[in-house]
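Student: whatever this is, show me its structure:
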Amino acid sequence: MTILIIQQKRIGDVLTTTILANSLKKKYPDAQIDFMCYSNSVDVLKENPSISNIIVLDEATRKNYGSLFKFIFKIRKRHYNIVIDAYSKLETNLITFFSGAKYKISYHKGYSNLFYTHNIKRLPNGTKSDYGLAIENRLRLLTPIIEEEITDFKPKIFLSEAEISSAKKLLQAAHIPQNKPIFMIGILGSEWYKIYPLERMAQLLDTTVKETDASLLFNYIPNQKEDALKLYNLCQKATQDHIYFDTYAKSLRGFLGLLSQCDALIGNEGGAVNMAKALEVPTFSLFSPSVDKETWQIFEDEENISIHLKDLKPEIYDEFDEKYIKEHTFKYFEEYPIHLIEDQLKIFFKTISK
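Tutor: A predicted model of the protein is given here:
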């Protein structure tokens, strides 16, 4: 049996969709399971024993119909039995439709019957969920081919011993104390509206160092260095002394190695938080007020805490829609009581130090 899973978009989306590959491999251990994604997400799929091949659909191919159809017919020649399209945009509609697969599965849309044999309805936004709708809606895509209840559905990231060893050596080379906590700080979000104001983030980092005496690593890429420096300069001198600003990974796999050696990740909700959870690293995250909490507040517990404005002031969401709140993101970030976040952060530190 050959199966193709398609998930484009961001790293968090791709990582979450790996639960399909993991569940299918458990059900069909001899199956070849391939995974299609953008090039920026390949690293979260590497070393996953459930995935046989990673297929990259690059931007140049997507934007040229001639190249796209050549790509489509290459996929057709692989003779997949099952294609699960968790993305469901025009290019993946076409890839799935022309694949020749017996089972073509995706989410129900007004036009989706044209492309798929099985059209699965998502749970409505706002539905209460123990795991988050991002998880539950993906599991629904498996219902045409797996009848029994799926109980192991947490995303996982797999690192090699060499990658872990390399991360440890990098920390040693930076002379980071081994007898104190190490926290990865997710200082920036993937979009402007997902970034908690730097002045407030600096205040949280001051509290973090005061409470834990921890060493802090900043998660940023070279083109984000200017913003990272802004945050560094906003911190108190005592906090700056605990920030190892130049200790960062030059690749996503390198970042995952470093993250695996941290005691927690603190910062903006997004891909890095999902990666930390997949590595069993505790997380404390701040949601943008316009991000759908029911979808992405996944696997919350004492060691994975998130703060969302909807939890604090739900009446705002009765008055304004998501579009309006997104357009006024920084106004609504001001509605997050900083003292409450600090109190929750202190509880988090006590929990993970037990």
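
Student: where does the chain have low pLDDT?
Tutor: 190 (pLDDT under 70).

Student: how does the chain divide into domains?
Tutor: Using automatic domain parsing, the domains assigned to the chain come out as 2-140, 161-352.

Student: residue ranges for the strands of this protein, please.
Tutor: 2-6, 32-37, 53-56, 82-85, 103-107, 118-120, 182-186, 215-218, 264-268, 283-286, 304-307 (DSSP state E).

Student: nearest to residue 25, out of those?
Tutor: Among these, strand 32-37 comes nearest to residue 25, with 6.0 Å by CB to CB. In short, each C-beta sits where N, CA and C put it, glycine included.

Student: report the angle between the closest one and strand 2-6.
Tutor: Inter-element angle recorded for strand 32-37 and strand 2-6: 20 degrees (by axes from the mean of the first three to the mean of the last three CA atoms, to 10 degrees).

Student: by contact count, what packs against strand 32-37?
Tutor: Contact partners of strand 32-37 among helices and strands, from 3 or more CB pairs under 8 Å, 6 or more residues apart in numbering; DSSP states H and E: strand 2-6, helix 11-27, strand 53-56.

Student: what sits up against the shortest one?
Tutor: Contacts of strand 53-56 from elsewhere in the structure, counted by CB atoms under 8 Å, 6 or more residues apart in numbering, are 4, 32, 34, 35, 36, 37, 38, 39, 42, 45, 46, 75.

Student: just the buried residues of those.
Tutor: By neighbour count, with 16 or more other CB atoms under 10 Å, the contacts of strand 53-56 hold 4, 32, 34, 35, 36, 37, 38, 42, 45, 46, 75 as buried.

Student: quick one on the thing from earlier: which one of the helices and strands packed on strand 32-37 lies closest to residue 232?
Tutor: Of these, nearest to residue 232 by CB to CB is helix 11-27, at 24.6 Å.

Student: how about the closest one: buried residues?
Tutor: 11-25.

Student: and that helix, how far out from the chain's middle?
Tutor: 12 Å (CA atoms, centre = their mean, to the nearest Å).

Student: kindly calculate the angle that that helix makes with strand 2-6.
Tutor: Using the same axes, to 10 degrees: helix 11-27 against strand 2-6 is 160 degrees.

Student: okay, helix 11-27 in PDB with CA atoms only?
Tutor: Taking Å, rounded to 0.1, in the frame of the first residue of the first chain, the C-alpha atoms of helix 11-27 are listed here in PDB:
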ATOM      1  CA  ILE A  11       5.900  24.400  10.100                       C
ATOM      2  CA  GLY A  12       3.300  24.100  12.800                       C
ATOM      3  CA  ASP A  13       0.700  22.900  10.300                       C
ATOM      4  CA  VAL A  14       3.100  20.300   8.900                       C
ATOM      5  CA  LEU A  15       4.200  19.100  12.200                       C
ATOM      6  CA  THR A  16       0.600  18.700  13.400                       C
ATOM      7  CA  THR A  17      -0.300  16.700  10.300                       C
ATOM      8  CA  THR A  18       2.400  14.200  11.000                       C
ATOM      9  CA  ILE A  19      -0.100  12.600  13.400                       C
ATOM     10  CA  LEU A  20      -1.700  11.100  10.200                       C
ATOM     11  CA  ALA A  21       1.500   9.400   9.200                       C
ATOM     12  CA  ASN A  22       2.100   8.100  12.600                       C
ATOM     13  CA  SER A  23      -1.400   6.700  13.000                       C
ATOM     14  CA  LEU A  24      -1.400   5.200   9.500                       C
ATOM     15  CA  LYS A  25       2.000   3.500  10.100                       C
ATOM     16  CA  LYS A  26       0.600   1.900  13.200                       C
ATOM     17  CA  LYS A  27      -2.400   0.600  11.300                       C
END
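
Student: which elements pack onto it?
Tutor: Counting contacts by 3+ CB pairs under 8 Å, 6+ apart, helix 11-27 packs against strand 2-6, strand 32-37, helix 133-140, helix 271-278.

Student: looking at those, which one is packed in the most?
Tutor: The highest average neighbour count among these, using mean count of other CB atoms under 10 Å, belongs to helix 271-278 at a mean of 25.

Student: that one - contacts with which helices or strands?
Tutor: Going by 3+ CB pairs under 8 Å, 6+ apart, helix 271-278 lies up against helix 11-27, strand 182-186, helix 252-260, strand 264-268, strand 283-286.

Student: so for residue 354, which of those sits nearest?
Tutor: Using CB to CB, the nearest of the helices and strands packed on helix 271-278 to residue 354 is strand 264-268, at 12.8 Å.

Student: list the strands paired with that closest one, with their directions.
Tutor: strand 182-186 (parallel), strand 283-286 (parallel) (DSSP bridges).

Student: I'd like the ones you listed written out as TSV, with distance to residue 272 and mean neighbour count added.
Tutor: What follows is the strands paired with strand 264-268, written out as TSV (distance: least, CB to CB, whole Å; neighbours: other CB atoms under 10 Å):
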stretch	distance to residue 272	mean neighbour count
strand 182-186	4	25
strand 283-286	9	26
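
Student: ok, which of these comes nearest residue 81?
Tutor: That would be strand 283-286 among those, by CB to CB, at 37.1 Å.

Student: list the contacts of that closest one.
Tutor: Under CB under 8 Å, 6+ apart, the answer for strand 283-286 is 186, 196, 264-270, 273, 276-277, 303-307, 336, 341, 344-345, 348.
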